[in-house]
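A.B. asks: One predicted model, sequence on top.
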Amino acid sequence: MIEEPLNGFTGFARKDQHENIRVPQNVDALKRESKLIYDEEKLDAIPEPERRWAWIEIDRSAIRHNTIDAKHHLRPGCRLLAVVKADAYGHGAVECGKTALAAGADYLGVATVDEGIALRKANITAPILMLSEPPTTAIPLLLSYHVMPAIYTVEFAIAYGEEADLHGMKAPYHLAINSGMNRIGVKAEDVIAFMRKISFHRALELVGTFTHFATADCDETLDYHIQLNRFTAAIEALKTAGIDPGIVHAANSAALYRYPEAHFDMARLGISLYGFHPCRDTMGIADLKPAMSIYSRITAVKVVPMSEGVSYGMNYRSPGSVKICTIPIGYADGLRRGLSGHQNVILDGQYCHQVGNICMDQCMFEVDMRSYGTRPRLDPQIGDKVTIIGDEGDAVCTISEMAFTLGTIEHELTIGFSHRLPRIYV
Ligand SMILES: *Cc1c(COP(=O)(O)O)cnc(C)c1O
């Protein structure tokens, strides 16, 4: 027998002992060999936060509250479209879509065909608007799952109409107008020419006409007004030409709260549905509750001697008077590495500094073991719940602070919390 050191160790293990450890090829093989000790149902029943101590909680009542708050700002009869693109900004499209609809939303908005299909597969029957034009190759999917596209090219409009006609169907759509953001849409002054090019098609059905504001959340209002005027003119031109623009809509969250004149027949609520203010200006106007909280549990606690480093790069050194706690959440979960050393977490209602570089799957925070003032000394233990986003007692950690630290917007952060973190709906 040949003795081989394993990973530099000698004497702990011999290679021949390890040869018994074979990994069966699949679950069936596991069962056959009776290596799957428990039945699968029992294994599946172990909740995700008990498999890994890091999870997201989504508060449905906050989604409901925010939907109702938006509705209060719209005149009776004005529709509300809940924007659930990008998996409801990371909150879960099916759950949030259903909650918003139950609370009074009329429409759902998505960014991709597959996002629309996922809602249909979850038995959602409300109208779904895809906020852009997919490739023409996706048209059969739109028609089969009744996902309405935004339309702004002649080629797509004709292809969509033809395909629908082939099956004796209607091809409902919303016309996208470019009033100045210059992302998508038919240029406002070209709207009549565009409609002339496509309106001969009997299957095409104009259900709505919309535009999108680039600066509804900005202090400066000139660009907003230019966009509003161009859009209003385009709607008037359609009406004058005898074309019914259908449901007219323009407002995103910021415009919904700041500009009642932009409500028209429907508003599209995105970021505020999830409880965030699109800008400082809406803080006195909208009553919003963030729906997302993020929690973890301590997996390790240690006293690190003074001046010893913590985490990659060791750019944090222990002052000696702290305990270092590890939590199993890192930048692979969307806890951005740029937050390293600039983020608090909450333990037992007290703020603790995250310290050292945030790793891919874990990070560390310090608990000050000195007692001072009236602050009770913390006694961190493995398994203790830690709030990363949310409130506990008087302490609160928000996505908005995180966004400020990183110089980004809340949207990017909530979307960035990866699906490795289970979403628990409460
Ligand atoms: C994303 C999006 C919205 C939602 O915007 P918020 O600022 O998040 O409310 C509305 N309309 C369109 C066209 C969008 O793309």
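C.D. replies: Looks like it came in fine. Residues are numbered from 1 along each chain as shown.

A.B. asks: Against which helices or strands is the strand or helix carrying Ala159 packed?
C.D. replies: Ala159 belongs to helix 154-166 when assigned by DSSP states H and E. For helix 154-166, the packing partners by 3 or more CB pairs under 8 Å, 6 or more residues apart in numbering; DSSP states H and E come out as helix 139-145, strand 147-151, strand 171-178, helix 191-198, strand 204-210. Any C-beta I mention is one placed from the backbone N, CA and C, and that applies to glycine too.

A.B. asks: Adding mean neighbour count, write the ones you listed out as TSV.
C.D. replies: Output for those, formatted as TSV (neighbours: other CB atoms under 10 Å):
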stretch	mean neighbour count
helix 139-145	16
strand 147-151	23
strand 171-178	26
helix 191-198	17
strand 204-210	22
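
A.B. asks: between the helix holding Ala159 and strand 171-178, how big is the angle?
C.D. replies: 170 degrees (axes from the mean of the first three to the mean of the last three CA atoms, to 10 degrees).

A.B. asks: What residues of helix 154-166 count as buried?
C.D. replies: Of the residues in helix 154-166, 156-161, 163-164 count as buried by neighbour count, 16 or more other CB atoms under 10 Å.

A.B. asks: one step back: would you format the helices and strands packed on helix 154-166 as TSV with mean pLDDT and distance to the ligand included?
C.D. replies: As requested, the helices and strands packed on helix 154-166 are exported to TSV (pLDDT from 0 to 100; distance: least, CB to the nearest ligand atom, whole Å):
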stretch	mean pLDDT	distance to the ligand
helix 139-145	98	17
strand 147-151	98	8
strand 171-178	98	8
helix 191-198	96	17
strand 204-210	98	7
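
A.B. asks: C-terminal to the strand or helix carrying Leu413, what's the next element?
C.D. replies: Secondary-structure assignment from DSSP H and E places Leu413 in helix 410-416. Next in sequence after helix 410-416, counting helices and strands by DSSP H and E, comes strand 423-425.

A.B. asks: which residues touch that following strand?
C.D. replies: In this structure, residues lying in contact with strand 423-425 by CB atoms under 8 Å, 6 or more residues apart in numbering are 48-49, 55-58, 60, 91-92, 95.

A.B. asks: Could you rerun that using 6 Å?
C.D. replies: Applying CB atoms under 6 Å, 6 or more residues apart in numbering, the set of residues contacting strand 423-425 from outside is 55-58, 60, 92, 95.

A.B. asks: likewise stretch 143-157?
C.D. replies: Counting by CB under 6 Å, 6+ apart, 116-117, 120, 128-133, 136, 142, 164, 169, 172-176, 184-186, 197-198 sit against stretch 143-157.

A.B. asks: Quick one: the strands in the stretch 301-426 of the chain, in order.
C.D. replies: Using DSSP state E, counting those that start in this stretch, the strands of the stretch 301-426 of the chain run over 309-310, 316-317, 322-327, 344-347, 350-355, 363-368, 385-392, 395-397, 423-425.

A.B. asks: Tell me the residue of the protein that sits nearest the ligand?
C.D. replies: Nearest to the ligand in the chain, going by CB to the nearest ligand atom, is Gly270, at a distance of 2.3 Å.

A.B. asks: and the nearest residue in space to that residue that is not next to it in sequence, how many neighbours?
C.D. replies: Leaving aside its chain neighbours, Gly270 sits nearest to Val83 (3.7 Å; criterion: CB to CB, 6 or more residues apart in numbering). A count of neighbours around Val83, defined by other CB atoms under 10 Å, yields 28.

A.B. asks: dump the residue contacts of Val83.
C.D. replies: Neighbours of Val83 in contact, by CB under 6 Å, 6+ apart: 109, 268, 270.

A.B. asks: at 8 Å instead, please
C.D. replies: Residues in contact with Val83, defined by CB under 8 Å, 6+ apart, are 89, 108-109, 131, 252, 268-270, 273.

A.B. asks: Distance check, it against Tyr224.
C.D. replies: Distance of Val83 to Tyr224, given as CB to CB, to the nearest Å: 19 Å.

A.B. asks: now do Pro47
C.D. replies: According to CB to CB, Pro47 and Tyr224 sit 47 Å apart.

A.B. asks: With neighbour numbers in mind, choose between the two.
C.D. replies: Comparing Pro47 with Tyr224 by other CB under 10 Å, the one with more neighbours is Tyr224, at 22 against 10.

A.B. asks: which parts of the stretch 251-400 of the chain sit against the ligand?
C.D. replies: 252-254, 268-271, 278 (CB under 6 Å from any ligand atom).

A.B. asks: Report the residue ranges of every domain in this structure.
C.D. replies: 60-284, 292-425 (automatic domain parsing).

A.B. asks: Of those, which is nearest Val27?
C.D. replies: Val27 lies closest to domain 292-425 among the domains of the chain, at 21.4 Å (CB to CB).

A.B. asks: Off-centre distance for the closest one?
C.D. replies: From the chain centre to the centre of domain 292-425 is a distance of 21 Å (CA atoms, centre = their mean, to the nearest Å).

A.B. asks: cool, and stretch 107-114?
C.D. replies: Mean-position distance between stretch 107-114 and its chain equals 13 Å (CA atoms, centre = their mean).

A.B. asks: quick one: the nearest residue to Asp361 once chain neighbours are set aside from Glu412, how far?
C.D. replies: Once flanking residues are discounted, Asp361 sits nearest to Gly330: 4.5 Å by CB to CB, 6+ apart. Applying CB to CB, the value for Gly330 to Glu412 is 18 Å.

A.B. asks: Between the two, which is the more surrounded one?
C.D. replies: Between Gly330 and Glu412, counted using other CB under 10 Å, Gly330 has the larger neighbour count: 19 against 16.

A.B. asks: can you count the residues close to Leu43?
C.D. replies: Residues near Leu43, counting by other CB under 10 Å, number 11.
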